[in-house]
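**Q** Fold the stuff below for me.
(one chain, ligands or ions: 1)
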Amino acid sequence: MTPSNSLILVLSSFFLFFLVLAREGHTLDRGEEEEQAIDHHYHTLELSSFLPSSTCSPSTKGGKKKGSLEVVHKHGPCTKFSEDMVKPLTVEEVFSHDQSRVDSIRSRLTTSQPITTTRKKDAKSSKATIPAKSGSSIGSGNYIVTVGLGTPKKDLSLIFDTGSDLTWTQCQPCARSCYSQQEPIFVPSASTTYTNISCTSTVCSGLTSATGNTPGCSSSTCVYGIQYGDQSFSVGFFGKDKLTLTSKDIIDDFYFGCGQNNQGLFGGAAGLLGLGRDQLSIVSQAAKKYGKVFSYCLPSRSSGTGYLNFGAGGAASGVKFTPLSSSQGSSFYGLDLEYIYVGGNKLSISPTVFSTSGMIIDSGTVITRLPPTAYSALSTAFKAQMTQYPMTKALSILDTCYDFSKFTSVKIPKISLVWGGNTNVDIAPQGILYANGISQVCLAFAANGDDSDIGIFGNTQQKTLEVVYDVNGGKVGFGSGGCA
Ligand SMILES: *[C@@H]1O[C@H](CO)[C@@H](O)[C@H](O)[C@H]1NC(C)=O
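**A** Numbers count the residues shown, from 1 in each chain. A predicted model of the protein is given here:
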């Protein structure tokens, strides 16, 4: 028998090629917005609201949501993570990680999955570069939730990700490698409810679609491997255990990856919670209990809290739905964007621009990506309504930027997106601008390289919205004011 360590080593080099995600990001932190009732096509914002807050101010609205998990920004003051665990990122890092995530999503949608010999070779060469990368935590999303795993249950903070399926956490004995995480690393042998999954079980073969990699086998235990866009990865045993979401939301026999070889910083998080559409995601695994319905709200400020809720109970009444399209792969949630309004004016963008690119909603991409033709129309319309403010240099991928340093408050046009089924969604002011200090505040949308690239509705633009995923019902809903 091959010792499991060396098998894992071999397998991990196989798995280095595949990608999933990236993300990061500080977005605009802002406070109260004062709207002038007469001017409902504009938001008026106080400049002080552009400064980040260093104290955690939990959203009373989200916090009161019964039976939901609290969602916090990974780099905000509400995490329990120590500062050396989660180094603040520069704006350049935020956007370069974000671009890696976008690139990896695109490659997952366009490349075929089988691991070929050529890829194995590539994988080996890319492995050599891993230590040089800061691990840059691409796999580290902006938002995390804390769940309980095993018996007795251990708390683990996981990155919240609608763009991937497999849930995994680092596991002792970390046969090859574990990165440093905030909470103690999960010890499967200390959990009375943990079981390894056998290589011959059908759930083991489900890993192929959930991870993009064919599972391996070690001493008859199923071995998974998943690789993210920045060369971070997790490889280990596929197991099942009891997952405690909240005191009354418990999933017995939850299948997850017990990582023995984990690389990347993942920002001190213990692993990842896969909320994608594939059969192994938590959404699918808990389908009997929650009917493939979940909802979340991402807070407006990194110092606020949002929620993640499973099941239909408690969805607000004002939520408007748009059909879910299944043409964007087995993991992603596809939506159809139809129109964009800026300051009450509908942009003239041919509907074929959006139907050609397609669009997904993703919790891990920071900045919404639009086909260049659509972005250009958006930027032009925004600029036309912002002529009273001096423009300034681009901020990485954001090219429509203003210097607000001479102002105490600013008036910006509202932006709304109209989704299939005529579902109009107003973007919160925190989703319109991204501030790098008050002297460089930019329109928080970016263009793809090509009109054929998939559009992505990112997490900055989802802030404060209650987002409801009803997978069996084939729809996604948006409600305003889901959290503060
Ligand atoms: C799971 O399987 C692996 C490989 O066979 C083994 O090393 C490990 O001890 C098993 N873990 C548990 C908790 O049974």
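
**Q** Tell me how many other residues crowd the closest residue to the ligand within the stretch 51-200 of the chain.
**A** Nearest residue of the stretch 51-200 of the chain to the ligand (CB to the nearest ligand atom) works out as N196 at 3.6 Å. Where you see a C-beta, it was placed from the backbone N, CA and C, and this is true even at glycine. N196: 16 surrounding residues under other CB atoms under 10 Å.

**Q** Any idea what the closest residue to it other than its chain neighbours is bridged to?
**A** Nearest residue to N196, sequence neighbours excluded (CB to CB, 6 or more residues apart in numbering): T221, at 4.4 Å. Taking DSSP bridges as the rule, T221 bridges to S198, S218.

**Q** roughly how far apart are T221 and the ligand?
**A** 4 Å (CB to the nearest ligand atom, to the nearest Å).

**Q** That residue against F237, yeah?
**A** Yes. Using CB atoms under 8 Å, T221 is in contact with F237, at 5.1 Å.

**Q** neighbour-wise, which of the two wins?
**A** Taking neighbours as other CB under 10 Å, T221 and F237 compare with F237 leading, 24 against 19.

**Q** follow-up on the earlier one: what sits in contact with each of T221 and F237?
**A** Both T221 and F237 are in contact with 196-197, where contact means CB atoms under 8 Å, 6 or more residues apart in numbering.

**Q** Please give me every residue in contact with S327.
**A** 334, 358.

**Q** So it, which state does it fall into?
**A** Three-state call for S327 (DSSP: H, G, I helix; E, B strand; the rest coil): coil.

**Q** How about the one 3 residues further on?
**A** The three-state label for S330, taken from three-state DSSP, comes out as coil.

**Q** how many other residues sit next to it?
**A** 14.

**Q** For the protein, what lies in contact range of the ligand?
**A** Within the chain, the positions near the ligand by CB under 6 Å from any ligand atom are 4, 188-189, 194, 196, 218-219, 221, 237.

**Q** Would you map the strands across the stretch 51-200 of the chain?
**A** For the stretch 51-200 of the chain, applying DSSP state E, counting those that start in this stretch gives strands covering 69-73, 143-149, 154-161, 168-170, 195-196.

**Q** so who does the residue nearest to N196 touch?
**A** T221 touches 4, 196-199, 237-238, counting by CB under 8 Å, 6+ apart.

**Q** change it to 7 Å
**A** 196-199, 237 (CB atoms under 7 Å, 6 or more residues apart in numbering).

**Q** And S416, by the same measure?
**A** 341, 424-427.

**Q** What remains of those residues if I keep only buried residues?
**A** Buried subset of the contacts of S416 (neighbour count, 16 or more other CB atoms under 10 Å): 341, 425-427.

**Q** Show me those residues that map onto strands.
**A** Using DSSP state E, 341, 425-426 are the members of the buried ones among the contacts of S416 that sit in strands.

**Q** Identify the single longest helix in the protein, thanks.
**A** Ranked by residue count and defined by DSSP state H, the top helix of the chain is helix 91-110.

**Q** can you give me the mean pLDDT across that one?
**A** Averaged across helix 91-110, pLDDT comes to 85.

**Q** Just give me how far that helix sits from the chain centre.
**A** 11 Å (CA atoms, centre = their mean, to the nearest Å).

**Q** Roughly how far does the residue nearest the centre of the chain sit from I159?
**A** In the chain, the residue lying closest to the centroid (CA atoms, centre = their mean) is G364, at 1.9 Å. Relative to I159, G364 is positioned 8 Å away (CB to CB, to the nearest Å).

**Q** same question, K393
**A** Taking CB to CB, one finds K393 at 32 Å from I159.

**Q** higher neighbour count, these two?
**A** I159 (26 against 9).

**Q** Verify the stated contact: that one with N142.
**A** No. Assessed by CB atoms under 7 Å, I159 is found out of contact with N142, at 8.5 Å.

**Q** Name the helix or strand for the closest residue to the ligand within the stretch 251-400 of the chain, please.
**A** Of all residues in the stretch 251-400 of the chain, C258 sits closest to the ligand, at 7.8 Å by CB to the nearest ligand atom. Using DSSP states H and E, C258 maps to strand 249-263.

**Q** So in that sheet, which strands flank the next helix or strand after that strand, and in what orientation?
**A** Using DSSP H and E, the helix or strand that directly follows strand 249-263 along the chain is strand 271-274. Sheet pairing here is set by DSSP bridges, and for strand 271-274 it gives strand 154-161 (parallel), strand 168-170 (antiparallel).

**Q** ok, of those, where does mean pLDDT dip lowest?
**A** strand 154-161 (a mean of 93).

**Q** ok, and what's touching that strand?
**A** 21, 71, 139-141, 143-149, 169, 182-183, 186, 266, 269-275, 308, 363-364.

**Q** Could you pull out the helices in the stretch 301-450 of the chain for me?
**A** 351-357, 372-384 (DSSP state H, counting those that start in this stretch).

**Q** Make a markdown table from those and add mean pLDDT and distance to I432 to it.
**A** Below are the helices of the stretch 301-450 of the chain laid out as a markdown table (pLDDT from 0 to 100; distance: least, CB to CB, whole Å):
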| stretch | mean pLDDT | distance to I432 |
| --- | --- | --- |
| helix 351-357 | 94 | 19 |
| helix 372-384 | 98 | 8 |
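
**Q** Packed most tightly, which of the ones you listed would that be?
**A** helix 372-384 (a mean of 18; mean count of other CB atoms under 10 Å).

**Q** Mind giving me the packing neighbours of it?
**A** On a contact count with 3 or more CB pairs under 7 Å, 6 or more residues apart in numbering; DSSP states H and E, helix 372-384 meets strand 337-342, helix 351-357, strand 445-447.

**Q** Good, wrapping up.
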